[in-house]
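Fold the stuff below for me.
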Amino acid sequence: MKKISLFIVVAVSFLYFLQAFAVAPADYGLNEGDTISTAGSSDPDIYIVNQFGYKRLFLNPAIFGFYGHLGGFAKVKSVSATTRDIFPTTGLFRNCETNTQQVWAVEVASEDGGVLHPVQMSGAAAVSQDPQFFQKVFCINSKEEAWYPKSSIAYT
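Modelled structure (predicted):
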């Protein structure tokens, strides 16, 4: 019994340590909402970072064009591959323009294409599986949501 309790204390302490020293965009000279790309890459994908240290890929240049308020390609910050890769990529989206609660998971189907799958679980279930679940959900607009084909096959 003491071994199990000690293991739990060590595990919780380790998780706290990881959370306390999570990567923040500010640690790399970035802010919430900055768009980034890696200079010199043969496929210069564009990502946007959030305040929690996650990034999402603009899967297609057309999608990036749906977000004119980001300033276009001229406002994309060039970062090293190391900096780009320090932020985990997520493919979870929610249409914040319509304030729908449905979360979608993108399946990359080709170089510049994807399919949205509905995430079929309650918020409580999502958080019980992954305490940072909602930190990984990025807002999208109606144009982007309509751009993707949708699958009825749920992501769980």
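
in terms of contact, does Leu92 touch Val103 like I think?
Yes. Using Cβ atoms under 8 Å, Leu92 is in contact with Val103, at 5.8 Å. The way it works is simple: take the backbone N, C-alpha and C, and place the C-beta from them, glycine included.

burial count for Ala26?
For Ala26, the neighbour count with other Cβ atoms under 10 Å is 11.

for Ile86, same thing?
Counted with other Cβ under 10 Å, Ile86 comes out at 16.

Flag the helix or strand of this structure with the lowest per-element mean pLDDT.
The weakest-scoring helix or strand in the chain, judged by mean pLDDT, DSSP states H and E, is helix 2-20 (a mean of 37).

next structured bit after that helix?
strand 35-38 (DSSP states H and E).

Mind giving me the packing neighbours of that following strand?
When contacts are defined as 3 or more Cβ pairs under 8 Å, 6 or more residues apart in numbering; DSSP states H and E, strand 35-38 sits against strand 46-49, strand 77-79, helix 81-86.

which one of those lies closest to Ser142?
Closest to Ser142 of the helices and strands packed on strand 35-38, according to Cβ to Cβ: strand 46-49, at 17.5 Å.

Quickly list what's touching both of Leu92 and Val103.
Common contact partners of Leu92 and Val103 (Cβ atoms under 8 Å, 6 or more residues apart in numbering): 119, 137.

Would you point out which residue is most central in this protein?
With distances taken as Cα atoms, centre = their mean, Thr90 lies nearest the centre of the chain, 3.2 Å away.
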